[in-house]
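Student: Dropping a prediction and its sequence here:
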Amino acid sequence: MDEQEVRRVVDTYSDMIKRISYNYLQQTYDCEDICQTVFLKYLTSTIPFEDREHEKAWMIRTTINACHDLRKNAFFRKTVPLDEALEKEIQQEQGSEVLEEISKLPVNYRTAIYLYYFEGYNTEEIADIMGKRKTAVSKYLSRGRKILKDTLSEEYISVYKVGEQAL
C-alpha cells in the first residue's frame, strides 16, 4: 500500500472513527487509541474491498469491535476516569441539546441513531454493521426516538413553565 493511499484513508475516515468511538467510550483519549488501532488493522489486513462503501462499512464495524474489546479489557473496567478522580469536567465541544441527550442513551440506541442520522445508513445496513436483526435496529431507533422526544419535551416544557412563572 502506498503512502498516498494511506493518507486518503486517514483523511477520509479518522473523524468518523473518532466520533463513533467517542459515542461508545465517552473518553477523548480512548478515541485516539481506537483510531490508531483501526488504522493498524486496516494496514495489516488483506481484505479486498469491493468499493468505498464496503471499505467504510469495514471501518465502522472494526471501530465498534475495537470499542467493545477495550470495554471488556480489565484495565478499562477497573479504572476510574481522570475526570471523576479530579472531580473536574472537561469542556466538551459545544453541541446541541439533542446531541447531549443522544449521548445519554443506551449504547445500542445511541449507535443506531448515530448511524442512521449522522452517517446516513438505512436500517438494513445498520443491522449488518451492528450484527443485529433488522427488527432489533428498528426497535432501537423507535425507542431511542421516543426517549429523546420525552426528555427533550420535558426540558422544553419546564423551561416554558419557568418562563411563565417569572412573568
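Tutor: Arrived safely. Residues are numbered from 1 along each chain as shown.

Student: Tell me where this protein has helices.
Tutor: 3-25, 28-44, 52-72, 74-78, 82-86, 97-102, 107-113, 123-130, 134-166 (DSSP state H).

Student: If you count neighbours, what's buried in the second one?
Tutor: Across helix 28-44, burial judged by 16 or more other CB atoms under 10 Å covers 30-31, 34-35, 37-39, 41-42. Where you see a C-beta, it was placed from the backbone N, CA and C, and this is true even at glycine.

Student: thinking again about what came up before, please produce a markdown table containing the helices of the chain, extended by mean pLDDT.
Tutor: Output for these, formatted as a markdown table (pLDDT from 0 to 100):
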| stretch | mean pLDDT |
| --- | --- |
| helix 3-25 | 90 |
| helix 28-44 | 89 |
| helix 52-72 | 90 |
| helix 74-78 | 54 |
| helix 82-86 | 52 |
| helix 97-102 | 81 |
| helix 107-113 | 91 |
| helix 123-130 | 90 |
| helix 134-166 | 76 |
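
Student: out of those, deepest packed?
Tutor: Compared across these, helix 107-113 shows the largest average neighbour count, a mean of 21 (mean count of other CB atoms under 10 Å).

Student: Identify all contacting residues around that one.
Tutor: With CB atoms under 8 Å, 6 or more residues apart in numbering as the test, helix 107-113 has contacts from 20, 23-24, 64, 102-103, 105, 126, 130, 132, 136-137, 140-141, 143-145, 147-148.

Student: Using CSV, write down the CA coordinates of stretch 108-121.
Tutor: What follows is stretch 108-121, C-alpha atoms only, in CSV (Å, rounded to 0.1, in the frame of the first residue of the first chain):
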residue,chain,number,x,y,z
ASN,A,108,-27.5,0.2,21.1
TYR,A,109,-29.9,3.0,20.8
ARG,A,110,-27.1,5.6,20.6
THR,A,111,-25.3,3.6,17.9
ALA,A,112,-28.4,3.0,15.8
ILE,A,113,-29.4,6.7,15.9
TYR,A,114,-25.9,7.9,15.1
LEU,A,115,-25.5,5.6,12.1
TYR,A,116,-29.0,6.4,10.8
TYR,A,117,-29.0,10.2,11.2
PHE,A,118,-25.3,11.1,11.1
GLU,A,119,-23.8,8.5,8.7
GLY,A,120,-26.9,8.1,6.5
TYR,A,121,-27.3,4.3,6.7
